[in-house]
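> Okay, here's the prediction I keep looking at, along with the sequence it came from:
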Amino acid sequence: MSIYTYNGAAIIAMAGKDCVAIGSDLRFGVQLQTMTTDYKKVFQIHDKLFVGLGGLATDAQTLHQRLMFRHNMYKLREERDMKPSTFGNLVSSILYEKRFGPYFASPVVAGLEPDGKPFVCGMDSIGALETAEDFIVTGTNSESLFGMCESMWRPGLEADELFEVLSQCLLSGIDRDALAGWGAVVYVITKDKVVARTLKGRMD
């Protein structure tokens, strides 16, 4: 079994019309044994920026702490929040610094730029950055997530439609994955608010 699939994960970030959404499953497991069903994989950096961390849970937690530290230092120095595109490059450079002993994590960044444009990007464990106009997925069963997103996403989704599409993609994708599931949480970011909703999924 790959170290990336040791704890299980399913994360999707998706862009809409002046909004962006990111969601993940809630299972934390050790291989095929489920340990808890309320495990957080998506973290808020500031009001307009979230990062999802798939892969090995211990490395994801360490990486999250480093990212929060670097963002807080930036905020103290610049007296403003970091733009999502800048944050994506920061994550990439942090991962590339450790390329000879990498974090076993695959981050997904989702946020709104200062002009209201949605930004989503993902990368591998050594920071090879990939941006997208539509969606980014990561996790133990990314093929199923990709298939669902390809068939359901369309340009110009409003916030409520974006939530519905991402939720259906996530729940359908994790139903086909033994290492992810047990419900999900979805965050929808618009220019004036963040809405978090918890989804009930199959409990088997």
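Received it, and whenever you're ready, just let me know what you need. Numbering: from 1, shown residues only.
> The host helix or strand of Val137 packs against which elements?
Using DSSP states H and E, Val137 maps to strand 135-139. Applying 3 or more Cβ pairs under 8 Å, 6 or more residues apart in numbering; DSSP states H and E, we find strand 135-139 packed against strand 10-15, strand 49-55, strand 105-112, strand 118-123, helix 142-152. All C-beta spots, glycine's among them, are computed from the backbone N, C-alpha and C.
> how about the last one: buried residues?
It refers to helix 142-152. 142, 144-149, 152 (16 or more other Cβ atoms under 10 Å).
> Determine the set of other helices and strands touching the helix or strand following it.
Per DSSP H and E, helix 142-152 leads on to helix 159-174 as the next helix or strand towards the C-terminus. With contacts taken as 3+ Cβ pairs under 8 Å, 6+ apart, helix 159-174 sits against strand 10-15, strand 20-25, helix 142-152, strand 184-189, strand 194-199.
> which residues touch helix 159-174?
10, 12, 14, 16, 19-21, 23-25, 137, 141, 144-145, 147-149, 152-154, 157, 180-181, 184, 186, 188, 190, 195, 197, 199, 201 (Cβ atoms under 8 Å, 6 or more residues apart in numbering).
> now it against strand 118-123, angle please.
20 degrees (axes from the mean of the first three to the mean of the last three Cα atoms, to 10 degrees).
> ok, now which ones touch the residue nearest the centre of the chain?
Nearest to the mean C-alpha position of the chain, counting by Cα atoms, centre = their mean, stands Gly52 at 2.8 Å. For Gly52, the contact set (Cβ under 8 Å, 6+ apart) comprises 11, 13, 22, 24, 41-43, 107-110, 138.
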